[in-house]
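1. the following block contains a protein sequence and its predicted model.
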Amino acid sequence: MTDILTIGFAYLLGSFPSAYLFSIFSKRVDIRKAGSGNVGGINAYRVAGFLPGFITILCDTGKGALAIILASALSGELWVIFICGLLVVLGHNYSLFLKFKGGKGLATTLGVFIVLSPLSILYVILAALILAVILRDINTAFGSAALSIPLVLYLRYLQWDWALFGLALAAIIVIKHIPDYKAYKQGRRKLK
């Protein structure tokens, strides 16, 4: 029963709409209808300013970290920790409180990995930075770098359950970045 409650709480925690709330409170603007329309830290920064954007990124990262800390403390079972990691990101991307709209999951994923496997996320960030230089677009680069998560986790732990967790997490992130890939392909996101 504790495992089920922990898993359910992870989704609710992820669903907390930090970018939406901080943008409403600071600038009285609905972030879903401003800027890129994405309910995340970067759009909060663009729409509402530095402080709301920074607090949003901290909060979204904290959601991911807290979900893993709680799952580890309350259950300790690796499968529960993995499901909580996936559900906190899903909750962020498809918030129960915003009619299943949300962000792209990058900061929340960062929080998951800060607690779960900090060295692994450094490799993924390195891949993202290299792709950003090559592609000249940060959104497309970080979305694409998510594809390295299953490989990085497999090479770090040499266990298929880690790779499958990474694959599921990568899929959640990549799906939310499809509009970025399309815009990049059409040349709208490339820096000149």
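-> Alright, I've got the coordinates.
2. report all helices and strands that the helix or strand where residue 44 lies contacts.
-> Here residue 44, judged by DSSP states H and E, is contained in helix 41-48. Counting by 3 or more CB pairs under 8 Å, 6 or more residues apart in numbering; DSSP states H and E, the packing neighbours recorded for helix 41-48 are helix 18-27, helix 50-74. Just so you know, the C-beta spots here come from the backbone N, C-alpha and C atoms, and that holds for glycine as well.
3. how far off helix 18-27 does that helix point, in degrees?
-> Helix 41-48 and helix 18-27 are oriented at 20 degrees to each other (axes from the mean of the first three to the mean of the last three CA atoms, to 10 degrees).
4. same question for helix 41-48, mean pLDDT?
-> For helix 41-48, mean pLDDT is 85.
5. residues of that helix that come out buried?
-> 41-45, 47-48 (16 or more other CB atoms under 10 Å).
6. how about stretch 110-121?
-> 110-117, 120-121.
7. how far away from the center of its chain is the helix holding residue 44?
-> Chain-centre distance of helix 41-48: 15 Å, with CA atoms, centre = their mean, to the nearest Å.
8. number of nearby residues for residue 70?
-> Using other CB atoms under 10 Å, residue 70 is surrounded by 17 other residues.
9. now it: how far from residue 76?
-> Applying CB to CB, to the nearest Å, the value for residue 70 to residue 76 is 11 Å.
10. quick one: the helices in the chain, in order.
-> 2-15, 18-27, 41-48, 50-74, 78-93, 106-116, 118-135, 138-145, 149-157, 160-176, 178-185 (DSSP state H).
11. got the contact list for the most centrally placed residue in the chain?
-> When CA atoms, centre = their mean is applied to the chain, the residue found nearest the centroid is residue 105 (2.0 Å). Residue 105 is in contact with 89, 92-93, 172-173, 176, counting by CB atoms under 8 Å, 6 or more residues apart in numbering.
12. returning to that earlier point: out of the helices of the chain, nearest to residue 34?
-> helix 41-48 (4.5 Å; CB to CB).
13. and residue 25, how many neighbours does it have?
-> 11.
14. so who does the closest residue to it other than its chain neighbours touch?
-> Leaving aside its chain neighbours, residue 25 sits nearest to residue 52 (7.8 Å; criterion: CB to CB, 6 or more residues apart in numbering). By CB under 8 Å, 6+ apart, residue 52 lies in contact with 19, 22-23, 25-27, 44-45.
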